[in-house]
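Undergrad: Return a 3D structure for these sequence lines:
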Amino acid sequence: MAETKSINMSVKIGTLKLKNPVMTASGTFGYGGEYADYVDLNKLGAIVVKGLSLKPRAGNPPPRIMETPSGMLNAVGLQNIGVHTFIEEKLPILRKYDTNVIANIYGETYDEYKKVAQKLTSAKGVHALEVNISCPNVRKGGLSFGADLKSAAAVTRKVKEVTDLPVIVKLTPNVTDITAIAAAVEKAGADAISLINTLTGMSVDIFTRRPHLKNVTGGLSGPAIKPVALRMVWQVLQKISIPVIGIGGIMNAEDALEFLILGTKAVQIGTANFINPQATIEIIGGIERYMELNGIKNISKLIGTFRS
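TA: Next up, the predicted model:
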C-alpha cells in the first residue's frame, strides 16, 4: 500500500531520518537482499541486518530452533559471514535501495566491538549501528555485557569513540532492572535504545527427556513476549530522554501501535517475518489506515499519547 501524501509517517532517531517507523529486527531478515523478492525494500523505514562479528561465525549446532506456544526459541548462536564479507558482498546489494541500513554488531571483547564499528563506519551505505550487548563477555566469565552496568556503558563508549554514525544500543531483558542499564548507556553516549532482545527460555522433549535445543537454552521471541516488552519499554521511557525503538512480539499494526502510543519512535518486526514475509509492509499500511481513520496527519501526534 502506497503511503498517502497527506499523511506524514516520517520519524527521526537522533540524526537518522526514517520515512516511516517500521524496521526489521536483526536476525529475522537476513542481510536484507534475501527478502527482495517478497518485500519492496524501498518502503521500509530501515533494514537492520543480521548481527555481524569481526570474523565469520558458524553458530551453534542443530537443532537450534523450536516452536513454542505463541512464539519460538532460537539458539542459532549469531551465525554470520563476518563484517568483511558483509561489506564486500552484501552491502553493495543494499546500496541499490532507498532505505536506511542499520548494521547490528557484536563482539566478545571491547576491542572486537570497536574494530567491527570502525570497519562499518568507513563503509559506504551504512546509516547507523545497533550494538547487541546481549553477548557474553569472555573476560568476565561469560557474563552478558548487557547484564552489567559498567560493561554496558563501556561497550557504548568504545563504539562511540570510533564512529560518527548514530549508535543504537539493544538491551537484553534478562536483567534485574532494565531501566538502570538504559540510563547507563544513555549517559555513556548512546543516541538511541532498542528493546527488548529475546528472553532466555528452554523446552524439554518428554519422550527423550532431553532439551529440544542442542544448546539447551535459547532466546524466546514472538507474541508470547509482547506484554513483557511493553512493560519494559514503558519503564525505560520514563527514565531516559533519548529515542526508544520497541521490539518484541509485534505481529501486526495493532501491536506496533501499542509501542508507538507508549512513546517509541519506531518499532522492529522480527518473528513475524518468518511467518509472513510481507509483515513489515502490511504493518506500515495498517498504521497508515489507523491514522486516516483517526484524523492523524502526522505520526508525531500519535507517538507518546499513552495515558495511564
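Undergrad: count of neighbours near the closest residue to R64 other than its chain neighbours?
TA: Excluding its sequence neighbours, the residue lying closest to R64 (CB to CB, 6 or more residues apart in numbering) is A75, at 4.5 Å. Quick note: C-beta positions are derived from backbone N, CA and C, even for glycine. Neighbour count of A75, defined by other CB atoms under 10 Å: 22.
Undergrad: now A75: how far from A229?
TA: A75 is 20 Å from A229, where distance means CB to CB, to the nearest Å.
Undergrad: hmm, back to that, may I have the phi/psi pair for the residue nearest to R64?
TA: Main-chain torsions, A75, degrees, to the nearest 10: phi -130, psi 50.
Undergrad: what do you get for T200?
TA: T200 has phi and psi values of phi -70, psi 130 when expressed as degrees, to the nearest 10.
Undergrad: is it true that L73 lies in a helix?
TA: No. Counting by DSSP: H, G, I helix; E, B strand; the rest coil, L73 falls outside a helix, being strand.
Undergrad: ok, N174 - contacts?
TA: When contacts are counted by CB atoms under 8 Å, 6 or more residues apart in numbering, N174 touches 134, 144, 147, 199-200.
Undergrad: What's the local residue count around L199?
TA: 19.
Undergrad: so which of the contacts of N174 comes closest to K187?
TA: For these, the closest approach to K187 (CB to CB) belongs to A147, at 17.4 Å.
Undergrad: one step back: can you tell me which of the contacts of N174 is nearest P243?
TA: Nearest to P243 among these, counting by CB to CB, is S134 at 19.9 Å.
Undergrad: Against G146, how distant is the closest one?
TA: Counting by CB to CB, the gap from S134 to G146 is 5 Å.
Undergrad: For this protein, just list every one of the helices.
TA: Assigned by DSSP state H, the chain shows helices spanning 83-85, 91-94, 110-121, 149-162, 178-187, 226-237, 253-262, 272-275, 279-293.
Undergrad: right, and the residue nearest to R64 touches K214 too?
TA: Yes. Counting by CB atoms under 8 Å, A75 does reach K214; the two are 7.1 Å apart.
Undergrad: so what's N276 up against?
TA: Taking CB under 8 Å, 6+ apart, we find N276 in contact with E282.
Undergrad: mind checking how far it is from I102?
TA: For N276, the distance to I102 equals 22 Å [CB to CB].
Undergrad: now swap in M291 and tell me
TA: Computed with CB to CB, the distance linking M291 and I102 is 24 Å.
Undergrad: And E258, by the same measure?
TA: E258 sits 22 Å away from I102, taking CB to CB as the criterion.
Undergrad: Look at the two and report which has more neighbours.
TA: More neighbours surround I102 than the other of E258 and I102, with 28 against 20 (other CB under 10 Å).
Undergrad: My guess is the more buried one contacts H127. True?
TA: Yes. Between I102 and H127 there is a contact at 6.4 Å, judged by CB under 8 Å.
Undergrad: and for the two, which residues touch both?
TA: By CB under 8 Å, 6+ apart, I102 and H127 have these common neighbours: A46.
Undergrad: Now mean pLDDT and distance to R307 too, for the helices of the chain, in JSON lines please.
TA: Converted to JSON lines, the helices of the chain look like this (pLDDT from 0 to 100; distance: least, CB to CB, whole Å):
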{"stretch": "helix 83-85", "mean pLDDT": "98", "distance to R307": "44"}
{"stretch": "helix 91-94", "mean pLDDT": "98", "distance to R307": "40"}
{"stretch": "helix 110-121", "mean pLDDT": "97", "distance to R307": "39"}
{"stretch": "helix 149-162", "mean pLDDT": "97", "distance to R307": "31"}
{"stretch": "helix 178-187", "mean pLDDT": "98", "distance to R307": "21"}
{"stretch": "helix 226-237", "mean pLDDT": "98", "distance to R307": "12"}
{"stretch": "helix 253-262", "mean pLDDT": "98", "distance to R307": "9"}
{"stretch": "helix 272-275", "mean pLDDT": "97", "distance to R307": "28"}
{"stretch": "helix 279-293", "mean pLDDT": "98", "distance to R307": "17"}
